[in-house]
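I would like to see how this sequence folds:
(chains A and B)
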Amino acid sequence: MELKEYFSLVFTDYTLRTITLGTAILGAICGMLGSFAVLRKQSLLGDAISHAALPGIAIAFLITGTKETNILLLGALISGLIGAFWIRGITRNTHLKSDTALGLILSLFFGFGMLLLTFIQKQPNANQSGLDKFLFGQAATLLARDVWFMAIVTGICLIILILFWKEFKLLLFDADYTKTLGFNTKFIDILITSFIVLAIVLGLQTVGVVLMSAMLLAPAAAARQWTNSLSVMVILAAFFGAFAGVVGTGISASQDNLSTGPVIVLVAAVFVIFSFIFSPSRGLLFRQIRFIQNRKDLQLHKTLAFMYDIAKTHEDKSHPHAIKILNNFHGFTRKSLQKLESKNYIELDGQMWSMTQNGYHFAANLYNQQINTNND
Amino acid sequence: MTSAQLEIQLIASIVAIACAIPGTFLVLRKMALISDAISHSILPGLVIGFFITHDLSSPLLIVLAALSGLVTVILVEFIQKTGLVKEDTAIGLVFPALFSIGIILIAKNANDVHLDVDAVLLGELAFAPFDRLLVNGADLGPKSLWIIGSILAITVTLLMAFFKELKVSTFDAGLATALGFSPAVLHYGLMSVASVTTVGAFDAVGAILVVALMIAPAATAYLLTNDLKKMLVLSIGFGVLSAISGYWLAHWLDASISGSMTSILGVLFLLVYLFAPSRGLLSVLYRNKQQRIEVSLLTFLLHLNNHSEEEERHINHLNEHINWQKVRSKSVVDLALKNNMITIDNNVISLTDKGTSFTNKAIDYIITNDDTEIESMKEDFFLFRG
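You can find the predicted model right below:
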């Protein structure tokens, strides 16, 4: 199936439409909540929680014996929440740092989950094979009601987000100030952590335990590069996430043997790379261009300052001098002299140069500015 | 116990030791999550190596996989240096992308690759004894034992040789640089060891559970001691303990060995987290409670010291004036009585001489913040010890 064919089928084919909608909604909610995770420096919390959800799925299966996705996800939610709050407990009550706490919960819960999964596999009742899908995710198993469920949860998230927008924003950027204003920071903190856990759990079926953290981070990290405003960032991240979901699903549906999760993650990674390089204000490309520009300007200013030193010893500021006497100073080229001339700072006449009134003033002010900034 | 069982336990223990050594330094250097990143992102290196060698235990494959682990570290550092995102975000971006590339490579070449993503993530220790190293027809034992054994030997040699340098640079990077140890060399050296160990261990315990073996023993040991050597020994001990008891748990449950090793580590950590003598949750909570009571006691004594009028010192007044609950007031008064700091005469509390001098000392301490003032009080009180 070609990519083009996919896009024509999206609106008619039931399965494709469901999967595409599902990944788009998932991308949007992950982008939205991921923005908070990234800005709170909790990027890897998503990774830890998604791994910590695994034993919950296994235990939910062991207790109920069903493969009902919603019940398994409820188990995942509970064990994800336990993991998240244990991480908080470890960093708060012991001297272990947050990276150790995250790594501990991630690996210990995951290992326990694997123990349970292999234990389940050896059990006589054979309807357990579906649990593996949570490891790497299978978007193909999404049903219409799963998508509806995701849409409802996303709607609730959106409402809560809008209701508590001010509090979330305040806590994000100045936790101490929030506390002094009398907000219940603990409650807001728990609320936002719980929603991040919820978003992760929703994504387990589609993207899987291992790659879920990228779903959360990548759209937000990409969106961060384009704006300094939280609301714009959240909207952009949601858009990037949804777009990565749709494109990823498209690519994986148009090729054989490509699971959706990894493709979505790679599409999101391309967004991130693109944003890192081409974002106008923070991107590497424009930063480098600005850097070179500044260096050139500095070079010109140095040349001009050197000329100023010569010119100020003369009665007539525009007295012509030979270019040769600039030779002691190596920072000039024909080209830079021409550039100075085009800016009307100097006049060139064969092998001679002379400062214009304009250039003299500029060079004098250049010094003053430096002195002024030094005094500041 | 058959010889295969013995070999499995031996391999598991050696993997645990080989992981615990770099793990200790990773935990101390606050780089625990790098091991998580490495363990995921060796996958593309493994797959490419497998295309070339078609042998899961070939040295070239190990080198390639370890290289892709190092590439992760370098990429993370590069992204971090651009200042566009924080370090944790950089880690979280790099390894899923590399891991995805690995999965897609496997999926696209599913016919040629006898490499199962599950096997890479989870490992299968139970089969390790069947893949034996044969030299001229002589059986020298399981291959993975040799691989992880040589990695352990290299790690231990490096640890012995550079223990001092590692120690200094871990606890005081500035001093280490000033003394002339190159931080970059030590950093990348440690990263290389972690990377090679992860690769060597993946086929025994699986890539993700390597993370558990690196972080959990070290973190558990860190709750028990502040001494680097003791911490190394303890974490090795926890690692080996979990390896052996994990094997028997798996044997009993008929489940994944690596999973049960990790679960044992989890239980160990939970126990230490709750009951460690000075840093466990219970002793921290107890200390917090003690300190809260002692702060209350001080407030109470200062209050008595400030008021000579009787109605301010009446025992029933305590509740309303300082706004304490009944239980709290009672425990504070009991504590003060027990320490002979107050006397209760006709329901009016007055400070004893000891109480007065204690209060004055406390005020002095609060004002001067000088440790010598409170030496004598340390016996009875938690408050001034920390």
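
got a pLDDT number for the closest residue to chain A within the stretch 101-250 of chain B?
Proximity to chain A, evaluated over the stretch 101-250 of chain B using Cβ to the nearest Cβ, is greatest for residue B:212 at 3.4 Å. The way it works is simple: take the backbone N, C-alpha and C, and place the C-beta from them, glycine included. Model confidence at residue B:212, given as pLDDT, is 90.

assign it to helix, strand or coil.
helix (DSSP: H, G, I helix; E, B strand; the rest coil).

so what's it closest to, chain neighbours aside?
residue A:107 (3.4 Å; Cβ to Cβ, 6 or more residues apart in numbering or on different chains).

host element of residue 361?
Because you didn't say which chain, this covers chain A. Element membership for residue A:361 (DSSP states H and E) is helix A:357-375.

wait, chain B
Counting by DSSP H and E, residue B:361 is found in helix B:353-368.

now do the strands in the stretch 101-250 of chain B.
B:132-135, B:138-142 (DSSP state E, counting those that start in this stretch).

show me what contacts residue A:183?
A:167, A:170-171 (Cβ atoms under 8 Å, 6 or more residues apart in numbering or on different chains).

which among those gets closest to chain B?
Closest to chain B, out of all of those and judged by Cβ to the nearest Cβ, is residue A:171, at 17.6 Å.

and the helix or strand containing the closest one, what's its mean pLDDT?
When elements are assigned from DSSP H and E, residue A:171 belongs to helix A:165-173. Averaged across helix A:165-173, the pLDDT comes to 90.

near residue B:177, how many other residues are there?
15 (other Cβ atoms under 10 Å in any protein chain shown).

secondary structure element for the residue positioned nearest the centre of chain A?
Central residue of chain A (Cα atoms, centre = their mean): residue A:221, 0.4 Å from the mean position. Using DSSP H and E, the element containing residue A:221 is helix A:212-224.

okay, now the one residue in chain B that gets nearest to chain A: neighbour count?
Proximity of chain B to chain A (Cβ to the nearest Cβ) peaks at residue B:262, 2.3 Å away. Residues contacting residue B:262 under the criterion other Cβ under 10 Å number 30.

give the contact list for it.
Counting by Cβ under 8 Å, 6+ apart, residue B:262 has contacts A:107-108, A:110-112, A:114-115, B:209, B:212-213, B:216, B:242, B:246.

does residue B:79 count as helix, strand or coil?
With three-state DSSP as the basis, residue B:79 sits in helix.

so what's it up against?
A:276, B:85, B:90, B:93-94.

what is the burial count for residue 105?
Reading this off chain A. 25.

that's the other chain; I wanted chain B
19.

once you drop chain neighbours, what's closest to it?
residue B:47 (4.5 Å).

what's the distance between that neighbour and residue B:39?
Separation of residue B:47 from residue B:39 (Cβ to Cβ, to the nearest Å) stands at 15 Å.

swap in residue A:171?
Residue A:171 is 33 Å from residue B:39, by Cβ to Cβ.

I'd like the average pLDDT over the host helix or strand of residue A:37.
In the assignment (DSSP H and E), residue A:37 maps to helix A:14-39. Computed over helix A:14-39, the mean pLDDT rounds to 89.

and the residue of the stretch 101-250 of chain A closest to chain B?
Closest point on the stretch 101-250 of chain A to chain B, by Cβ to the nearest Cβ, is residue A:111, at 2.3 Å.

which stretches of the stretch 251-386 of chain B form helices?
For the stretch 251-386 of chain B, the helices defined by DSSP state H, counting those that start in this stretch occupy B:257-275, B:281-306, B:317-322, B:326-338, B:353-368.

one step back: ok, residue B:47 and residue B:39, which is more surrounded?
residue B:39 (30 against 25).

in a strand, that's where the more buried one is, yeah?
No: counting by three-state DSSP, residue B:39 falls outside a strand, being helix.

separation between it and residue B:32?
For residue B:39 relative to residue B:32 (Cβ to Cβ), the value is 12 Å.

buried set for whichever helix in chain B runs longest?
Identified as the longest helix of chain B according to DSSP state H is helix B:143-171. Using 16 or more other Cβ atoms under 10 Å in any protein chain shown as the test for burial, helix B:143-171 gives B:143-145, B:147-149, B:151-152, B:155, B:158-159, B:162, B:165-166, B:168-170.

quick one, what contacts the one residue sitting closest to the centre of chain B?
Centroid check for chain B by Cα atoms, centre = their mean gives residue B:219 as the closest residue, at 1.8 Å. Going by Cβ under 8 Å, 6+ apart, residue B:219 touches A:96, A:100, A:103-104, B:27, B:32, B:269.

of the residues you listed, which is the most crowded?
Neighbour tally across the contacts of residue B:219 (other Cβ under 10 Å): the maximum, 32 neighbours, falls on residue A:103.

which elements pack onto the helix or strand that contains that residue?
Assigned by DSSP H and E, residue A:103 belongs to helix A:98-121. Counting contacts by 3 or more Cβ pairs under 8 Å, 6 or more residues apart in numbering or on different chains; DSSP states H and E, helix A:98-121 packs against helix A:45-64, helix A:69-93, helix B:32-53, helix B:207-222, helix B:228-253, helix B:257-275.

make it 7 Å
Applying 3 or more Cβ pairs under 7 Å, 6 or more residues apart in numbering or on different chains; DSSP states H and E, one finds that helix A:98-121 contacts helix A:45-64, helix A:69-93, helix B:32-53, helix B:207-222, helix B:257-275.
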